[in-house]
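[1] What follows is a predicted protein model with its sequence.
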Amino acid sequence: MFKDLMKTMEEKMGKSISNLEAELATLKAGRANPTMLDRIEVEYYGSMVPISQVGNISAPEPRVLMITPWEKSALKAIEKAINMSELNINPNNDGSVIRLIVPELTEETRKNLVKVVHKKGEEAKIAIRSIRRDVIEKIKGMKKEVSEDEVKKGEEDVQKKVDEYIKKVDKILQNKEKEIMTV
């Protein structure tokens with residue numbers, strides 16, 4: 001009876017999880033990760049494009065990111081975009097590539113990052129609970145078409161799925177916290 005509602009709910013909750021994972025991937029955890037640059041856009045031929053579209057990004061060493069632009073003319077624009085970003089890493093431009101050395105995280109920085117991780121996790125949980133509320137309202141709106149027992153069963157099924165997705169969020173947060181706190 002509620003299959004379509006449940007399917008839609010799971011898709012939305014899956015998107016919340018994917019969004020959380022994408023956001024957490026951009027957080028630096030003391031090691032170089034090309035996804036750190038995903039949100040940085042470069043002005044290139046008059047339009048703003050992601051860094052990944054103007055050059056190759058690699059991590060030749062655990063704490064070094066290397067950006068090799070496809071055109072040398074893009075070096076200055078990439079360097080400017082990195083300097084203006086929230087990364088707080090100074091780019092080293094040698095005329096052909098840009099190197100970013102990711103600094104070791106201090107204990108205080110690690111703790112602050114963990115707070116950010118938990119905040120993002122709580123936002124994901126709020127989104128999941130909001131989806132639950134909307135679905136339960138739709139189920140309750142069907143009381144005229146289905147029995148009260150079916151409504152109750154539908155609400156229980158929704159809650160089970162919500163609990164499952166909240167556990168996924170907790171697991172993701174736990175893994176990211178462990179990654180950040182590992183020296």
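    Cool, the structure landed.
[2] So for the helix or strand residue 156 falls within, mean pLDDT?
    Assessed by DSSP states H and E, residue 156 sits inside helix 148-181. Averaged over helix 148-181, pLDDT sits at 91.
[3] Likewise for stretch 43-55?
    pLDDT averaged over stretch 43-55 gives 89.
[4] now the end-to-end length of that stretch.
    Counting by Cα to Cα, to the nearest Å, you get 13 Å between the two ends of stretch 43-55.
[5] With stretch 32-49 instead?
    End-to-end distance (Cα to Cα), stretch 32-49: 21 Å.
[6] any idea how far it is from the chain center?
    A distance of 16 Å separates the centroid of the chain from that of stretch 32-49, by Cα atoms, centre = their mean, to the nearest Å.
[7] Show me what the helix or strand hosting residue 49 is packed up against.
    According to DSSP H and E, residue 49 maps onto strand 47-50. Where contact means 3 or more Cβ pairs under 8 Å, 6 or more residues apart in numbering; DSSP states H and E, strand 47-50 is packed against strand 41-44. In short, each C-beta sits where N, CA and C put it, glycine included.
[8] In the strand it packs on, which residues are buried?
    Using 16 or more other Cβ atoms under 10 Å as the test for burial, strand 41-44 gives 41-42, 44.
[9] Now do the buried residues in the helix or strand that comes right after the strand holding residue 49.
    Sequence order places strand 55-61 as the next helix or strand after strand 47-50, per DSSP H and E. Buried residues in strand 55-61, defined by neighbour count with 16+ other Cβ under 10 Å: 55, 57, 59.
[10] hang on, the last one packs against residue 33?
    Yes - distance between residue 59 and residue 33: 6.8 Å, which falls inside the contact criterion (Cβ atoms under 8 Å).
[11] ok, the residue nearest the centre of the chain to residue 172 distance?
    Closest residue to the average C-alpha location of the chain: residue 23 at 1.8 Å, with Cα atoms, centre = their mean. Separation of residue 23 from residue 172 (Cβ to Cβ, to the nearest Å): 10 Å.
[12] Check residue 8 too.
    Residue 8 is 22 Å from residue 172, where distance means Cβ to Cβ.
[13] try residue 85
    From residue 85 to residue 172 the distance is 24 Å (Cβ to Cβ).
[14] Kindly report the same for residue 4.
    Residue 4 sits 27 Å away from residue 172, going by Cβ to Cβ.
[15] These two: which is more packed in?
    residue 172 (18 against 8; other Cβ atoms under 10 Å).
[16] Can you give me the separation between the more buried one and residue 162?
    16 Å.
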